[in-house]
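Engineer: Let me see the structure of the following:
(4 chains)
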Protein chains: 2
Amino acid sequence: MAAEALCQYLDMSESARHYGGVSAQERKAARRERLLDAGLQLFGTPGGDRVTVSAICAEAGLTERYFYESFRSRDALLLEVLEGVADEVRSAALTALEDADVEPEPRARAAIAAFVEILTSDPRKGHVAMVASAAVEPFRTRRRELLHRFARMVAEESKALYGERAWASPHDEVTALLFVGGLAELVTTWLSGDIEVPPETIVDAATYQFTATAHR
Amino acid sequence: MAAEALCQYLDMSESARHYGGVSAQERKAARRERLLDAGLQLFGTPGGDRVTVSAICAEAGLTERYFYESFRSRDALLLEVLEGVADEVRSAALTALEDADVEPEPRARAAIAAFVEILTSDPRKGHVAMVASAAVEPFRTRRRELLHRFARMVAEESKALYGERAWASPHDEVTALLFVGGLAELVTTWLSGDIEVPPETIVDAATYQFTATAHR
DNA sequence: CGCATCTGACAGGGAGCGTTGTCAGATACG
DNA sequence: CGTATCTGACAACGCTCCCTGTCAGATGCG
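Structural biologist: Have a look, this model is predicted:
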């Protein structure tokens, strides 16, 4: 009977039947997507600390059984949500750099604007990437890694823009982290509503700081 | 019997008796201190997300009853721990400014060094103020407020140092937050062990950034 | 239609934690 | 010494949540 249950709930590959016009795989994928959306909604909303498996399922309009069909644990889902946002930010920044001018200042502005745009236009994504991910341990480390990677990208870009004279202070890495960390904290504060300025102001300030410290 | 218990456990003012040579008030205060120390130890250590009332009591070598004698809830204690570290940082920074030179760059360095020194010399304090406080909601807001206040202090100092030409970018507040936030994130990363540099490097980088952006 | 499969609702065991209460032993005071 | 108070260990209740299981009804297939 345990084997029956396994076969019935998990091993869909053997008995694929259409339902509502869609295959078993498609239905499973759709449920998975709904769960991820629910995760973004809950994890990305202030007060979303209480994001529990039951809450995610309720938000998705599914029952717990379908949760464990696609995810091993609550953290597994939330991590996937975080990775999704991070990928989006990274690719947007890279695309912005590709499309941007060759002039240093506009290039920096383009990448920074892409970063800020995504995280402020959909506050849920901003909250996930900046706030919620700093909460519990598995995500905290991942968040640091992501910021670190972004900082390395910034440092390399700076070197490409300004050559040897870039990042005059002791270590590239430290200065880049100082910059990226400030940007992150600033977006965090903006999301909380403590500072009421248009996101462009954030972009302006960050761009100015980048050029002021990188190029001397 | 409920009244008895109340009288016995909470209302120490009526029946103060010496024990081990110390008064009831002193014993209570000592227990409170031990609990706060235990809170700093647990809350300030990586993996301290699991800081529970029982764990704090075990660390302090006390039982739960004495916890509720001094604190209403787990968060009440942790908040007090956070406030303690924040006060320490604030007063250290102010003292550093009072004792410092009149020259802009040394003044900035002194305040930054005080900030970094406290949070890196005792990693538990750093962890409480930077990492753990960003975890759950009541602390997150408080952490933002504290950083915001520190940023305002920085902005005012900058204005005093450089006059009208200080903080050239749009808003003082935004630029100051960008700076303080970067410093916070950098200390956070340092605490995690991801970057292995002496704390002075952090101070150098931050001082350089402050002067490079403030004074132009 | 009859049967296999899918879906949603819900129940229940098990674990962790907060909070209050009980109780025996230790300590000080009359 | 006897009694009142203090202390530490621990039990017990309630709560929330994770996770698995059951079951009736819906849906597609032969």
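Engineer: Pull the contacting residues for A:Leu35.
Structural biologist: Contact analysis of A:Leu35 by CB atoms under 8 Å, 6 or more residues apart in numbering or on different chains lists A:56-57, A:60, A:62, A:66-67, A:70-71, A:77. For the C-beta atoms, the positions are set from N, CA and C on the backbone; glycine is no exception.
Engineer: Select from the residues you listed the one having the most neighbours.
Structural biologist: For the contacts of A:Leu35, neighbours were counted using other CB atoms under 10 Å in any protein chain shown, and A:Ile56 has the most, 25 neighbours in all.
Engineer: and it, what is it in contact with?
Structural biologist: Taking CB under 8 Å, 6+ apart, one finds A:35, A:38-39, A:42, A:67, A:74, A:77 in contact with A:Ile56.
Engineer: Using CSV, please lay out those residues together with distance to B:Thr95 and secondary structure.
Structural biologist: Shown next, in CSV, are the contacts of A:Ile56 (distance: CB to CB, whole Å; DSSP: H, G, I helix; E, B strand; the rest coil):
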residue, distance to B:Thr95, secondary structure
A:Leu35, 53, helix
A:Ala38, 50, helix
A:Gly39, 46, helix
A:Leu42, 44, helix
A:Phe67, 54, helix
A:Arg74, 46, helix
A:Leu77, 48, helix
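Engineer: Quickly name whichever of those is closest to A:Leu191.
Structural biologist: Using CB to CB, A:Leu42 is the member of the contacts of A:Ile56 that sits closest to A:Leu191, with 15.8 Å.
Engineer: Does that closest one touch A:Ala58 like I think?
Structural biologist: No. Contact between A:Leu42 and A:Ala58 fails when scored by CB atoms under 8 Å: they sit 9.5 Å apart.
Engineer: So for the two, which sits in the more crowded spot?
Structural biologist: In this view A:Leu42 and A:Ala58 are compared by other CB under 10 Å, and A:Leu42 has more residues nearby, 24 against 14.
Engineer: Just confirm yes or no for stretch A:115-131 near chain B.
Structural biologist: Yes. Contact of stretch A:115-131 with chain B (CB under 8 Å from any CB of the partner chain) involves A:Val131.
Engineer: May I see the buried residues of that stretch?
Structural biologist: Neighbour counts over stretch A:115-131 (16 or more other CB atoms under 10 Å in any protein chain shown) mark A:115-120, A:123-131 as buried.
Engineer: tell me the mean pLDDT over that stretch?
Structural biologist: The average pLDDT for stretch A:115-131 rounds to 98.
Engineer: residues making contact with it?
Structural biologist: Under CB under 8 Å, 6+ apart, the answer for stretch A:115-131 is A:40-41, A:43-46, A:48, A:81-82, A:85-86, A:88-89, A:92-93, A:143, A:146, A:150, A:183-184, A:187-188, A:190-192, A:199, A:202-203, A:206, B:134, B:140.
Engineer: Start and end of it, how far apart?
Structural biologist: Using CA to CA, to the nearest Å, one end of stretch A:115-131 lies 15 Å from the other.
Engineer: Roughly how far does the closest residue to A:Arg140 other than its chain neighbours sit from DNA strand D?
Structural biologist: Distances taken as CB to CB, 6 or more residues apart in numbering or on different chains place A:Ala134 nearest to A:Arg140, at 5.8 Å, with adjacent residues excluded. Noted for A:Ala134: a distance of 19 Å to DNA strand D, by CB to the nearest atom of the strand, to the nearest Å.
Engineer: any weak-confidence spans in chain A?
Structural biologist: A:1-16, A:164-170, A:215-216 (pLDDT under 70).
Engineer: show me the contacts for A:Ala110.
Structural biologist: By CB under 8 Å, 6+ apart, the contact set of A:Ala110 is A:96-97, A:99-101.
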